[in-house]
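Novice: sequence plus the predicted model coming up.
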Amino acid sequence: MIFSVILASPLFSQTIDDWSFEPPITDNNMSVVFPAGQLTEFAGQGVKAYVVRYTYGSPMDEYFGAPPIDSIIVPVSNTTMIQEDGSVGFAVIGADGLCNCNLAVTGEILRFIILLDDELIINIEYGPPLTYVSNGFAIISFGLSFTSEIGCAYEMACNYSGVSVVEFYNNTCEFPLEYRDCDGVCINDTWETQGVYNSVSAADNVCDDDEVLGCTNPFEYNFNILATEFDGSCMDLTSFTPPSTENNMSVIFPSPLFADYIGGNLVASVDGVPVSQMSPIDENGAGGVAVIGTDNLCGCDLADNGEQIDFHILINGEVINLDVEPAITYSKDDFILVDANITFSVLGYGCTSSWADNYDLDAVFEDGSCFKNGCTDSEATNYDPISTIDDNSCIYFLPISLQLSSGWNMVGYTGTVENNGIANQMNAALSSGSVESTFQVIKNVSGAFWSSAFAQINTFNPGEGYMMYVIEGTPSVTFADPYIPGISIDLNSGWNMIAFTGDENSNNSIQSSMDAALSEGTTENTFQVIKNVSGAFWSSAFAQISTFTPGEAYMMYVISEALPSVSFVSE
């Protein structure tokens with residue numbers, strides 16, 4: 001595709017503001033499609049059609065090939081966003097006898113522009129010219145090529161085009177994350193043993209520049225949950241003894257502040273590093289410690305002036321944190337008799353994993369007790385890879401597989417809502433072929449369609465049915481293996497296209513399975529008719545069909561004022 005920037009010139013005197021013009025609706029239009037892949041570089045930008053009308057100095061100038069003396073640009077379509085796959089479709093609007101407007105006229109050459117962020121204009125040049133035809137349909141996929149003006153100009157970018165590009169389009173450049181290459185791999189990721197508490201000798205995909213050194217042992221007091229690499233700093237409060245220095249501060253908690261913790265031991269720390277010896281709490285509930293500071297001779301990292309001192313009580317295997325308000329900061333040779341508000345909180349051991357059934361929100365240190373009940377059989381439909389204890393809840397369903405026929409098929413989507421892209425799902429679901437080679441069109445109950453040339457819809461809705469026209473082969477379709485139970489879809493007044501989402505072991509009687517599937521009402525008072533792709537039908541007055549086929553969809557006409565949901569029961 002050839003693109004060139006539209007520049008201001010005497011010939012094209014129209015300003016960029018003119019491109020905001022949106023034409024009126026008329027009974028005269030032409031459908032134009034740029035298929036997938038044609039405009040991928042401009043996904044998310046707007047495209048618009050226009051015609052150019054020239055003014056000549058005399059009626060004979062055009063006939064003899066004399067240049068025009070003026071021209072105007074006339075936008076003749078709405079601005080339409082280019083889709084992620086590079087496709088776009090829109091209506092070129094022509095003038096009719098009622099609009100009193102200046103729009104496209106039969107025989108005029110159509111031109112197209114792309115509005116980059118509604119400001120910069122790129123003109124699309126294509127192969128043989130396309131002329132306006134009332135009620136025509138055209139796919140523009142011929143004579144397209146890219147010039148070297150479009151691309152990323154930065155050599156350090158992952159998608160550097162390798163050519164000179166216009167500066168305004170440099171916002172297409174893609175750069176790697178910091179410390180990683182364009183494949184997302186760390187530039188520097190040292191293979192090293194990370195310590196006794198994380199003794200994997202391997203690259204951990206945490207870039208060296210992103211490594212956080214610290215204590216990785218959850219059973220030590222200064223365990224750092226953010227640490228990615230063990231640095232030998234773990235401190236056991238019960239055994240740590242700070243060196244003697246000439247720098248210390250005395251802190252006393254008078255009786256009876258610790259009356260509930262008699263027999264425990266008081267210890268001070270700075271950022272998780274102990275800065276005092278353990279000191280017993282006396283029988284009156286009083287406690288005190290000598291906070292040791294750093295001096296020039298000890299070669300140690302202890303308390304420094306101005307640092308906040310934290311206090312903890314160790315008792316009966318628990319760590320009790322003291323939240324002192326106002327906080328106490330270190331000051332060499334100071335003496336503090338604490339007269340402050342103190343809040344006690346338990347920093348205990350327990351399950352710290354939020355996925356576990358016994359997750360303990362108050363636990364700080366992991367004790368290895370985490371468990372989760374669930375289905376542990378990987379062959380089951382509801383297999384849970386996180387579960388550690390099998391609770392006999394496993395469910396086994398057969399996958400739904402539907403054989404396609406040439407021509408029209410009515411297929412129910414029985415897959416997930418998380419990964420429901422039409423092209424991706426169909427390519428995975430087909431037993432052979434691809435979505436592009438198998439289907440001419442896939443459309444929903446309202447007629448909105450997907451095709452390889454252009455798509456109005458790009459996703460499936462679980463439980464909804466789709467008309468699919470098969471042009472090549474007769475593969476089978478299996479959307480989900482294992483089968484997904486419990487799909488629910490809301491009904492609308494009038495026509496609905498609904499998938500039968502029960503598996504081969506389910507009740508497939510139209511009346512009894514639908515009675516069970518409806519959130520309210522019955523099949524008889526909800527539907528006037530239910531019919532398959534060939535037109536064979538069920539009604540309360542007469543029925544040509546009496547059973548559903550798993551994976552097939554059915555047209556259902558809702559007559560009840562209530563609009564229930566449908567969820568077929570699987571057995």
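Specialist: Perfect, thanks for sending it.

Novice: check the gap between the residue nearest the centre of the chain and Leu213 for me.
Specialist: Centroid check for the chain by C-alpha atoms, centre = their mean gives Glu418 as the closest residue, at 9.1 Å. Glu418 sits 38 Å away from Leu213 when distances are taken as C-beta to C-beta, to the nearest Å. (Each C-beta comes from the backbone N, C-alpha and C, glycine too.)

Novice: same question for Ile315.
Specialist: 31 Å.

Novice: could you do Cys234 as well?
Specialist: Distance from Cys234 to Leu213, by C-beta to C-beta: 12 Å.

Novice: show me where the stretch 451-571 of the chain has its helices.
Specialist: Assigned by DSSP state H, counting those that start in this stretch, the stretch 451-571 of the chain shows helices spanning 510-517, 523-526.

Novice: next: the chain.
Specialist: Read by DSSP state H, the chain holds these helices, from start to end of the chain: 61-64, 422-429, 435-438, 510-517, 523-526.

Novice: for the second one, the distance to its chain's centre please.
Specialist: In other words, helix 422-429. In terms of C-alpha atoms, centre = their mean, to the nearest Å, the centre of helix 422-429 is found 18 Å from the chain centre.

Novice: tell me what that helix is packed against?
Specialist: helix 435-438, strand 439-443 (3 or more C-beta pairs under 8 Å, 6 or more residues apart in numbering; DSSP states H and E).

Novice: got it, and the third one?
Specialist: If contacts are counted by 3+ C-beta pairs under 8 Å, 6+ apart, helix 435-438 sits against helix 422-429.

Novice: if you count neighbours, what's buried in the helix it packs on?
Specialist: Ile422, Ala423, Gln425, Met426, Ala428, Ala429 (16 or more other C-beta atoms under 10 Å).

Novice: return the member of these nearest to Ile400.
Specialist: Ala429 (10.1 Å; C-beta to C-beta).

Novice: contacting residues for that closest one?
Specialist: By C-beta atoms under 8 Å, 6 or more residues apart in numbering, the contact set of Ala429 is Gly415, Val477, Thr478, Phe479.

Novice: and what of Met497?
Specialist: Met410, Asn444, Val445, Glu464, Gly465, Tyr466, Met467, Ala553, Tyr554, Met555, Met556.

Novice: which of those residues has the largest number of neighbours?
Specialist: Neighbour count (other C-beta atoms under 10 Å) singles out Ala553 as the most crowded of the contacts of Met497, with 29 neighbours.

Novice: so what pLDDT did that residue get?
Specialist: Ala553 is assigned a pLDDT of 95 by the prediction.

Novice: looking at it, it is touching Met410, isn't it?
Specialist: Yes. Counting by C-beta atoms under 8 Å, Ala553 does reach Met410; the two are 4.4 Å apart.

Novice: can you pull the contacts of the closest residue to Leu103 other than its chain neighbours?
Specialist: Once flanking residues are discounted, Leu103 sits nearest to Ala95: 4.4 Å by C-beta to C-beta, 6 or more residues apart in numbering. Listed by C-beta under 8 Å, 6+ apart, the contact partners of Ala95 are Thr26, Asn28, Cys101, Asn102, Leu103, Ala104, Val105.

Novice: any chance of CSV for the residues you listed, columns distance to Thr381, pLDDT and neighbour count?
Specialist: Formatted as CSV, those follow (distance: C-beta to C-beta, whole Å; pLDDT from 0 to 100; neighbours: other C-beta atoms under 10 Å):
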residue, distance to Thr381, pLDDT, neighbour count
Thr26, 54, 62, 18
Asn28, 55, 72, 21
Cys101, 59, 75, 14
Asn102, 62, 80, 13
Leu103, 57, 87, 22
Ala104, 56, 89, 27
Val105, 61, 90, 16
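
Novice: identify the farthest-apart pair in those.
Specialist: Farthest apart among the contacts of Ala95 - using C-beta to C-beta - are Asn28 and Asn102, which lie 12.9 Å from each other.

Novice: so where do the strands sit in the stretch 401-550 of the chain?
Specialist: In the stretch 401-550 of the chain, the strands defined using DSSP state E, counting those that start in this stretch lie at 402-403, 407-412, 439-443, 449-450, 465-470, 476-477, 489-490, 494-499, 527-531, 537-538.
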